[in-house]
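A.B. asks: Got a sequence here, can you build the structure:
(2 chains)
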Amino acid sequence: MNEHSYPFTLSRREFCYEFVSVSAEKEVKKVVKLSQTNLPNVYNLALFDELDTGKLCDMAESNNNDLKTILATVIKIIEDFLDRSPKCFVAFRGSDQRRQRLYRIVIARELSEIIENFEVFGGIETQIFLFKPNVDYEFYLISKHEN
Amino acid sequence: MKTKKDYQSAPRLTGEQIVDKKLKEMNELLSKVDLSKLPTRQTSNQK
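C.D. replies: Numbering: from 1, shown residues only, chains lettered A, B, ... in the order given. You can find the predicted model right below:
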């Protein structure tokens, strides 16, 4: 075909969940993006605040006193995604050391419940381990047991 | 891993750029591992 054509781009495969963090003082829109990585069955999870400007920010401190509820919601979102895509993995890491540690603490706290339906792995350099509390991982992976 | 201060001093990125950056970082981490050989948790029946 020799016809002139327009330039085009291929968008990455991405799923977007949204919820609202609510307190007596304010409401903060949260966005969870699950983006396909170079490994087709692995999706990277990123949590954002949507600012008043409409821009997404991964370092915002919304201070809405509902951290537990937010993280419980993110876990529900992971469950929903893996229920729809049972052969996939969700990969994530904290955007800073404090958040990375926080995720480790939350996973450790909820581990007994999570592993009823899912498996949690931690990655360090070239190795993937079953998640254990009190170990510093570079990233986390969650999958359904069927994998 | 970068600290919060590193990110605060970094130039402001758009949401799309942040997603791209996070994806790139995760792709680098995943490129080093083999997901076909994942460890399995010993169940209580196997103990």
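
A.B. asks: how close does A:S143 sit to A:S85?
C.D. replies: 10 Å (Cβ to Cβ, to the nearest Å). Placement of C-beta: from N, CA and C, glycine included.

A.B. asks: same deal with A:F48?
C.D. replies: Separation of A:F48 from A:S85 (Cβ to Cβ) stands at 21 Å.

A.B. asks: Could you check which of the two is surrounded by more residues?
C.D. replies: Between A:F48 and A:S85, counting by other Cβ atoms under 10 Å in any protein chain shown, A:F48 is the more crowded of the two (22 against 15).

A.B. asks: Then that one would be within a helix, right?
C.D. replies: No: counting by DSSP: H, G, I helix; E, B strand; the rest coil, A:F48 is not part of a helix but strand.

A.B. asks: Could you pull up the residues touching it?
C.D. replies: A:F48 makes contact with A:30-33, A:56-58, A:60, B:15, B:18 under the criterion Cβ atoms under 8 Å, 6 or more residues apart in numbering or on different chains.

A.B. asks: By proximity to chain B, which residue of chain A wins?
C.D. replies: Chain B sits closest to A:L56 of chain A, with a gap of 2.9 Å, by Cβ to the nearest Cβ.

A.B. asks: Confirm for me that that residue is in contact with A:E50.
C.D. replies: Yes: applying Cβ atoms under 8 Å as the test, A:L56 and A:E50 come out as touching, 5.9 Å apart.

A.B. asks: Now list whatever residues contact both of the two.
C.D. replies: Common neighbours of A:L56 and A:E50 (criterion: Cβ under 8 Å, 6+ apart): A:V31.

A.B. asks: between these two, who's got more neighbours?
C.D. replies: Per other Cβ under 10 Å, whichever of A:L56 and A:E50 has more neighbours is A:L56, with 23 against 17.

A.B. asks: Skip the chain neighbours and tell me the closest residue to the more buried one.
C.D. replies: Among residues not flanking A:L56 along the chain, B:G15 sits closest, at 2.9 Å (Cβ to Cβ, 6 or more residues apart in numbering or on different chains).

A.B. asks: can I assume the one you found is in contact with A:M59?
C.D. replies: No: look at B:G15 against A:M59 with Cβ under 8 Å: they stay out of range, at 11.9 Å.

A.B. asks: give the contact list for the residue nearest to A:I115 when sequence neighbours are not counted.
C.D. replies: Closest residue to A:I115 apart from its sequence neighbours, by Cβ to Cβ, 6+ apart: B:R41 at 6.7 Å. Applying Cβ under 8 Å, 6+ apart, we find B:R41 in contact with A:115, A:119, A:130.
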